[in-house]
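K.L.:
Predicted model and sequence follow; I will ask about them next.
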Amino acid sequence: MDGTARAALMATCLGVTALVIAMALMTGYQGELQRKLTGGGGAVLAIPLGSKEVADPAEIRNRLEALPEVAGVNPVIFGQAVISSEGNPEGVEVTIRGVEPGPGPLAAQEAQLADTDDAVPGVVLGVELAHALEVEEGDLLRLVAVGFAKGRPRFRYQSLRSTGTFSSGLSDFDQAWLLVRRSLAGSLLGPETGGTLFEVTPRDLEEAATVVDRVEDLLGPEYVVSNWLELNSALFSALRLQKLFLFLVLGLIVFVSTFNVASTLVVAVRERMREIGVLGALGLSQQRLWRCFLLYGGLLGWMGITAGIILGCGAAWVLDHFELIRFDAEVAAIYFINAVRFEIRPLDVLAIVTFAFSVNLIACLLPAWRATRVDPSAALRYE
């Protein structure tokens, strides 16, 4: 393999490597957001209409859990508040999440939500919120919750004891969410703030739309039911469009690299002029000669594509496994995640290979055609 061929192979390899890493980044980012959003807040949400509970939350939970498509149900209450500490007396605006004890990235254990020895309820803070408040486990906090009573806003005060932190991986949650017992959240916010909503986890995430229909039939018009894709449709549509544009833009790198393969064939035609003439004089047909040069260009491109796939997948695995790209709190608030994940999907790799190899073969058509137009008699006199 001469220097021109090695340069063509290296250019194709680098172009494919960049495309693989970029697609792995976009796929990993989208998948991470999906996992965080569905794992933390449920893939299906049932939100009550009106200001009062229409039924006992425990009864509704049992009815929802009886559905065969449902893996779990988590009743929660949300509200707004300001929390302060000795280290941060000015306070931080937070979202109260009233939950029942249980597992999950946005849940807490019974011991964390129970009253402490001095009869102060426990609270679990987002890890970045705890850092902003400068609190550690056991520190006392002061909460001012915004509720409603008789149609008017009402402020309720509550002392809380920090009993732990959670890390959901989503910066918005980790910076501004706190977890308390659902009954405590209900008493702080009041019945007019909003009833208990239900986070429903389907057994199969792809069947979220079907679960929405079943939950709507079960709960009736008193609840509005939506799934994670509907609630975040604009975000995921933008991500899919961004991924497509990124594929097309970086695909230009692969497209340009194929000209190196084409130039290698042009050089080969010029350097092998006498050999081409001899083969033509011996009776080699133009079609077979065309196939020989096309096969050479295709083989050279395939070697570069294969090397690029291996190198790109390896680099993506290292970046993902060791989480080499992480964000601080300010940047994480923009991208919603603390670390960039890279995910290799077979369909993405297949699309890259198909695109790169197709462009490579198209670029080789003209040099191969020029080889078939060589006149044997003129080629034999070529010096």
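P.N.:
Yes, it's here.
K.L.:
would you list every one of the helices in the stretch 51-200 of the chain?
P.N.:
57-65, 110-113, 127-133, 171-176, 182-189 (DSSP state H, counting those that start in this stretch).
K.L.:
which one of the ones you listed has the lowest average pLDDT?
P.N.:
Lowest mean pLDDT of the helices of the stretch 51-200 of the chain: helix 171-176, a mean of 86.
K.L.:
isn't residue 143 right up against residue 158?
P.N.:
Yes. Counting by C-beta atoms under 8 Å, residue 158 is a contact partner of residue 143 at 4.6 Å. Every C-beta, even on glycine, is put in place using the N, C-alpha and C of the backbone.
K.L.:
can you list the weak-confidence ranges in this structure?
P.N.:
1-2, 39-42, 50-55, 192-194, 229, 329-330, 332-334, 375-383 (pLDDT under 70).
K.L.:
so how far is the first residue of stretch 87-101 from its last?
P.N.:
This stretch, stretch 87-101, spans 28 Å end to end (C-alpha to C-alpha, to the nearest Å).
K.L.:
Out of the helices of the stretch 51-200 of the chain, which gets nearest to residue 251?
P.N.:
Ranking these by proximity to residue 251 (C-beta to C-beta) places helix 171-176 first, at 31.5 Å.
K.L.:
tell me which strands and helices the closest one is in contact with?
P.N.:
strand 92-99, strand 122-126, helix 127-133, helix 329-335 (3 or more C-beta pairs under 8 Å, 6 or more residues apart in numbering; DSSP states H and E).
K.L.:
Deepest-packed of the ones you listed, please.
P.N.:
strand 122-126 (a mean of 26; mean count of other C-beta atoms under 10 Å).
K.L.:
what angle do it and helix 182-189 make?
P.N.:
Interaxial angle of strand 122-126 relative to helix 182-189 (axes from the mean of the first three to the mean of the last three C-alpha atoms, to 10 degrees): 90 degrees.
K.L.:
contacting residues around strand 122-126?
P.N.:
Residues from elsewhere that reach strand 122-126, judged by C-beta atoms under 8 Å, 6 or more residues apart in numbering: 108, 111-116, 133, 135, 141, 143, 160-168, 173-180.
K.L.:
Tell me the buried residues within the residues you listed.
P.N.:
Among the contacts of strand 122-126, those classed as buried by 16 or more other C-beta atoms under 10 Å are 108, 112-113, 133, 135, 141, 143, 160-166, 168, 173-180.
K.L.:
would you list every one of the helices in the stretch 201-350 of the chain?
P.N.:
Secondary structure of the stretch 201-350 of the chain (DSSP H, counting those that start in this stretch): helices at 208-219, 228-231, 233-271, 273-281, 286-321, 329-335, 346-372.
K.L.:
Output the helices of the stretch 51-200 of the chain as CSV; include the columns distance to residue 210.
P.N.:
Output for these, formatted as CSV (distance: least, C-beta to C-beta, whole Å):
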stretch, distance to residue 210
helix 57-65, 14
helix 110-113, 33
helix 127-133, 35
helix 171-176, 27
helix 182-189, 28
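K.L.:
between those, which one is nearest to residue 302?
P.N.:
Judging those by C-beta to C-beta, what sits closest to residue 302 is helix 171-176, at 42.6 Å.
K.L.:
what residues does that closest one touch?
P.N.:
By C-beta under 8 Å, 6+ apart, helix 171-176 touches 40, 92-95, 106, 126-129, 132, 166-168, 327, 329, 332-333, 335-338.
K.L.:
May I have that helix exported as CSV, CA atoms only?
P.N.:
Extracted C-alpha coordinates of helix 171-176, given in CSV (Å, rounded to 0.1, in the frame of the first residue of the first chain):
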residue,chain,number,x,y,z
SER,A,171,-29.6,19.0,37.4
ASP,A,172,-33.0,20.6,37.7
PHE,A,173,-34.1,18.0,40.3
ASP,A,174,-30.8,17.9,42.2
GLN,A,175,-30.6,21.7,42.5
ALA,A,176,-34.2,22.5,43.6
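K.L.:
just how off-centre is that helix within its chain?
P.N.:
Offset of helix 171-176 from its chain centre (C-alpha atoms, centre = their mean, to the nearest Å): 17 Å.
K.L.:
Pull the contacting residues for the closest residue to residue 19 other than its chain neighbours.
P.N.:
Residue nearest to residue 19 in three dimensions, not counting chain neighbours: residue 250, with 4.8 Å by C-beta to C-beta, 6 or more residues apart in numbering. Going by C-beta under 8 Å, 6+ apart, residue 250 touches 15, 18, 19, 22.
K.L.:
Could you measure from the first one over to residue 304?
P.N.:
Yep, that's residue 15 we're talking about. Distance of residue 15 to residue 304, computed by C-beta to C-beta, to the nearest Å: 8 Å.
K.L.:
hey, what's in contact with both of these two?
P.N.:
Applying C-beta under 8 Å, 6+ apart, one finds that residue 15 and residue 304 are jointly contacted by residue 257.
K.L.:
Looking at those two now, which is surrounded by more residues?
P.N.:
Neighbour tally, residue 15 and residue 304, criterion other C-beta atoms under 10 Å: the higher count belongs to residue 304, 30 against 26.
K.L.:
The more buried one contacts residue 6, doesn't it?
P.N.:
No. Counting by C-beta under 8 Å, residue 304 sits too far from residue 6 to count as a contact (10.0 Å).
K.L.:
Leaving out chain neighbours, which residue sits closest to residue 302?
P.N.:
Residue 302's closest residue in space is residue 357 (C-beta to C-beta, 6+ apart), at 6.5 Å.
K.L.:
hang on, that neighbour packs against residue 301?
P.N.:
Yes. With contact defined as C-beta under 8 Å, residue 357 counts as touching residue 301 (6.4 Å).
K.L.:
Those two: who's more crowded?
P.N.:
A count of neighbours by other C-beta under 10 Å puts residue 301 above the other of residue 357 and residue 301, at 29 against 19.
K.L.:
What residues does residue 233 make contact with?
P.N.:
With contact set as C-beta under 8 Å, 6+ apart, residue 233 has no partners.
K.L.:
swap in residue 140?
P.N.:
Residue 140 neighbours (C-beta under 8 Å, 6+ apart): 85, 86, 120, 159, 160, 161, 162.
K.L.:
That'll do, ta.
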